[in-house]
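Trainee: attaching a predicted model along with its sequence, questions to come.
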Amino acid sequence: MRRGGRTAFAVLAGVLAATIVTGGAWAQAPSQASAGAADSGPVALSGDQAFATALKLMIRSGEHAQALALIDTRPDLADRADVVRLRAQLLALTGREAEGLALLESRLTRVSDDALARFQVGELHFAAGRDAAATLAYRLALAGRLDPVRRRVAEQRLTTLQDRRRWRFWAGGSIAPDSNVNGATDASRIEIFGLPFELDEEARRRGGVTVSAQGGVERRFAFEPGTAVRASLSGATTRALGGDFDDTFLQARAGPEWTLSRRAQVTAQASVSGRWFGGELLEVGQGLRIEAETAPAAPVRWLGALRIDHIDARINNGRDGMAYGLEAARTRFTGPSSLWRLSGSAVVRQASAPTEGFHQQQLAIGRLNPLPWSVLAYVEAYGLNRRYDGVAAAFGERRVDSEYGVSARLSKRDWTVRGAFPFLAVSVARNRSSLALNSFERRRMELGFTREF
């Protein structure tokens, strides 16, 4: 934990301890003692009064492990909100940050409107340098009933996070059973040039069990206030049995970033990318992406992006061409543990072969919400339409796809593995195509982890 974070935690622990000491029935004993002190001389402390006084003294003197042990002797207080928060702070101060984080996350899935607990989650991530997780936690906390002092602190932290970013690392991995990752058709019979053909099993072969990994690194070079340059390298790979459906993507991006205000930011980045499929180089791309982010009101955040890419296909020259994309997303934080997200995109893919070019539109809506057993769930439904430019000569008609699906990502928030959060993701998708060969259904389940460094 960084030194500044430890100091802030110690101060907050003291404040929480003072709240506990002066709250509820515990506050009555000192008052009664004071009333009789002048007549009876020294007063012997006992019961709750002795417990509260000892706790306060231990925290003031920095004896955090002893304070934590003292709290653990009172299981009758374990469910009190202020005790949970204090215990989480003490766990962090004694080097057991993961346990403190799990304790807070577990409470938030039971009491989803505890804005102060979400604020403390942000503080833990902030002190550990997990900037993306801290940013999300502070934004969720600000959507709840946070007191004015901590609201100002959260807003200041968001500004600090925006300015202090230098290095960022992230990684993740997952394993999935046979989920038709290659989009194998579920048709058994098709017509080519008007003649019927039966598809053999090789044509209908699915990808099988897959193992995926992704990660990246980003460096931010700050110049004068409000101006910086960001450079990143990221990649993802999916490995399937036999290697025929292996899919790997690698991208490097770099460009300027302008901070227009505390609530608005614009970036423009050039990119170069490569994609390999089945062990062979499929295509190389060069492009430009312009992205803008703004938060006109605390609980609402908008993201918009425009991208232009030149695609150089290495296997099928008919795929050579340009790709133009427009993206927009609106996130509304509705509480310390919930949000709504609406997103949409439009893509125009131009290719030298008309049957490879298409126009695509997609719309998605998602919801983050807590579930029982300390589980946080993000569920998203989507639909897309893709219309190809040319008529497929073999089938005598234009390919038009309509795909729709739903996915759910479940994370048990009181579990961490070396700082990584495990997750279970399930999804179902169905693609209906005017060409039977391109119709498919996909059911997917993934077990994986994500971690930011």
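Mentor: Done, it's in.
Trainee: which residues in the stretch 151-300 of the chain form helices?
Mentor: With DSSP state H, counting those that start in this stretch as the definition, the stretch 151-300 of the chain shows no helices.
Trainee: which strands and helices sit next to the host helix or strand of residue 123?
Mentor: Using DSSP states H and E, residue 123 maps to helix 115-128. Counting by 3 or more CB pairs under 8 Å, 6 or more residues apart in numbering; DSSP states H and E, the packing neighbours recorded for helix 115-128 are helix 3-22, helix 81-93, helix 97-110, helix 131-142, helix 148-164. The C-beta positions use only the backbone N, C-alpha and C, and glycine is treated the same way.
Trainee: now do it: distance to the chain's middle.
Mentor: 15 Å (CA atoms, centre = their mean, to the nearest Å).
Trainee: what's the angle from that helix to helix 148-164?
Mentor: Following axes from the mean of the first three to the mean of the last three CA atoms, to 10 degrees, one obtains 30 degrees for the angle between helix 115-128 and helix 148-164.
Trainee: what's the neighbour count on the nearest residue to residue 362 once chain neighbours are set aside?
Mentor: Among residues not flanking residue 362 along the chain, residue 384 sits closest, at 3.9 Å (CB to CB, 6 or more residues apart in numbering). By other CB atoms under 10 Å, the residues close to residue 384 number 18.
Trainee: same check on the one 4 residues further on?
Mentor: Under the neighbour criterion other CB under 10 Å, residue 388 is assigned a count of 23.
Trainee: now it: how far from residue 424?
Mentor: Shown here: residue 388 relative to residue 424, a distance of 35 Å by CB to CB, to the nearest Å.
Trainee: okay, which residue is most central for this protein?
Mentor: Using CA atoms, centre = their mean, the residue of the chain that lies closest to the mean C-alpha position is residue 133, 7.3 Å off.
Trainee: that one reaches residue 127, doesn't it?
Mentor: No - judged on CB atoms under 8 Å, residue 133 makes no contact with residue 127 at a distance of 11.5 Å.
Trainee: sorry, back to before: for the residue nearest to residue 362, give me its contacts.
Mentor: For residue 384, the contacting residues are 360-363, 401-404, by CB atoms under 8 Å, 6 or more residues apart in numbering.
Trainee: show the pLDDT at it.
Mentor: Residue 384 carries a pLDDT value of 97.
Trainee: beta partners of it?
Mentor: residue 362, residue 403 (DSSP bridges).
Trainee: and it, how far from residue 60?
Mentor: Here the criterion is CB to CB. By it, residue 384 lies 59 Å from residue 60.
Trainee: what's the first helix or strand after the helix or strand of the chain with the lowest mean pLDDT?
Mentor: Sorting the helices and strands of the chain by mean pLDDT, DSSP states H and E puts helix 28-40 at the bottom, at a mean of 38. Note on helix 28-40: by DSSP H and E, the next helix or strand toward the C-terminus is helix 47-60.
Trainee: and the angle from the helix or strand that that next one is followed by to helix 81-93?
Mentor: Moving toward the C-terminus from helix 47-60, the first helix or strand encountered (DSSP H and E) is helix 64-72. Using the same axes, to 10 degrees, the inter-axis angle of helix 64-72 relative to helix 81-93 is 150 degrees.
Trainee: how far does helix 64-72 sit from the chain's center?
Mentor: Offset of helix 64-72 from its chain centre (CA atoms, centre = their mean): 33 Å.
Trainee: now do stretch 370-390
Mentor: Taking CA atoms, centre = their mean, one finds stretch 370-390 lying 14 Å from the centre of the chain it belongs to.
Trainee: show me what residue 220 bridges to in the sheet.
Mentor: residue 230.
Trainee: how about the contacts made by it?
Mentor: Contact analysis of residue 220 by CB under 8 Å, 6+ apart lists 165-168, 228-230, 257.
Trainee: swap in residue 226?
Mentor: By CB under 8 Å, 6+ apart, the contact list for residue 226 reads 258-260.
Trainee: could you chop the chain up by domain?
Mentor: 3-164, 168-452 (automatic domain parsing).
Trainee: among these, which is the most enclosed?
Mentor: domain 3-164 (a mean of 18; mean count of other CB atoms under 10 Å).
Trainee: what stretches of this structure score poorly on pLDDT?
Mentor: Residue ranges of the chain with pLDDT under 70: 1-47, 178-208, 418-419, 453.
Trainee: sorry, back to before: pick out whichever of the contacts of residue 226 sits closest to residue 328.
Mentor: residue 260 (18.2 Å; CB to CB).
Trainee: tell me if I'm right that that closest one and residue 295 touch.
Mentor: No - contact criterion CB under 8 Å: residue 260 and residue 295 do not qualify, at 11.7 Å.
Trainee: okay if I get the contacts of residue 384 as TSV plus distance to residue 209?
Mentor: Compiled in TSV, these are given as follows (distance: CB to CB, whole Å):
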residue	distance to residue 209
360	29
361	33
362	28
363	31
401	26
402	29
403	23
404	25
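Trainee: any idea how far residue 48 is from residue 393?
Mentor: Counting by CB to CB - residue 48 and residue 393 are separated by 85 Å.
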